[in-house]
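Asks: fold the following.
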Amino acid sequence: MREVTGQTLRPGGFSLTEKAVQFCGISKGDTVLDLGCGMGATIGYLYENHGIKGVGIDPSKKLLDMGRKQFKSLDFILGTGDYLPFEEKSFNCVLAECTLSLMDDINKTINQVLKVLKDSGTFIITDVYAKNSNGIKALEDFSFNSCMRGLHDIDCLKEKLVARGFEIMLFEDCSDLLKALMVKIIFSYGSMNVFWRKTTENSDCVNGCQFQEILKACKPGYFILIAKKGNESNG
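Replies: Residues are numbered from 1 along each chain as shown. Coordinates of the predicted model:
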């Protein structure tokens, strides 16, 4: 993925990050957590372009070490979305850019985000979803780690957020960014089947081809969703 996306490892690069910054009015004094920060591309972008000193958390020590080497003044924490080692109401904003679909337990992750967000804080999600959610279950049979394996049922995701007291402030389909990335992958590898075969490390093509067929049936799309945490006094 890094070969075709660069450090962001997601469609659109920083375009949706910037959109979220402007929409939410995130400024230098705000506390920001990047959930699944990888090498720190997003918090590095926020710091260099907006003076926002964010915190990144990721389960990969290798990626965090790369981030620390590149962004020496920023904070990187080893951890997962299942348990965020921060005090309650620590952050004005939590970002999950193409990472919520990778979480082991999305319900635990949302609860943890709710815990660390300040009242009226924002949860910014950019991720993949299935326009045809009927095929999502079949993707779970594949063991490799990819956000495409965790396509969201967008209605279900919205329901989970609202049930926990979030208000959906913005939802926008951004599937053109995903389509552009797929075109780039096909140009680089010849076909999506070849790409998924390399991803699954199966030389016989079976898993890669099967995954691609199921994925096509799901009609994957890409979105940005911004939700605001309600105040304790009004839910």
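
Asks: residue closest to the middle of the protein?
Replies: Cys98 (2.2 Å; C-alpha atoms, centre = their mean).

Asks: now for Val162: which residues touch it?
Replies: Applying C-beta atoms under 8 Å, 6 or more residues apart in numbering, we find Val162 in contact with Ile168. Backbone N, C-alpha and C define where each C-beta goes, glycine included.

Asks: try it again at 10 Å.
Replies: By C-beta atoms under 10 Å, 6 or more residues apart in numbering, the residues touching Val162 are Ile168, Ala227, Gly230.

Asks: among those residues, who's most crowded?
Replies: Highest neighbour count within those, by other C-beta atoms under 10 Å: Ala227, with 27 neighbours.

Asks: out of the contacts of Val162, which are inside strands?
Replies: Ile168, Ala227 (DSSP state E).

Asks: I'd like the contacts of Val162 laid out as CSV, including pLDDT.
Replies: Below are those laid out as CSV (pLDDT from 0 to 100):
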residue, pLDDT
Ile168, 97
Ala227, 98
Gly230, 86
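
Asks: just the contacts of Val162 now: which is nearest Glu87?
Replies: Nearest to Glu87 among the contacts of Val162: Gly230, at 19.4 Å, using C-beta to C-beta.

Asks: still on that earlier bit, quick check: phi and psi on the residue nearest to the centre of the chain?
Replies: phi 60, psi 40 (degrees, to the nearest 10).

Asks: one more: the one 5 residues further on?
Replies: Reported as degrees, to the nearest 10, the phi and psi values for Met103 are phi -70, psi 140.

Asks: contacts only, for it.
Replies: Contact analysis of Met103 by C-beta under 10 Å, 6+ apart lists Leu35, Gly36, Thr80, Gly81, Asp82, Ala96, Thr109, Ile110, Gln112, Gly150.

Asks: quick one on the thing from earlier: let me know the closest of the contacts of Val162 to Pro59.
Replies: Proximity of the contacts of Val162 to Pro59 (C-beta to C-beta) peaks at Ala227, which lies at 23.5 Å.

Asks: what's across from the closest one in the sheet?
Replies: Note on Ala227: beta-bridge partners Phe123, Ile168, judged by DSSP bridges.

Asks: which ones are touching it?
Replies: 94, 110, 113-114, 117, 121-125, 157-158, 161-162, 164-171.
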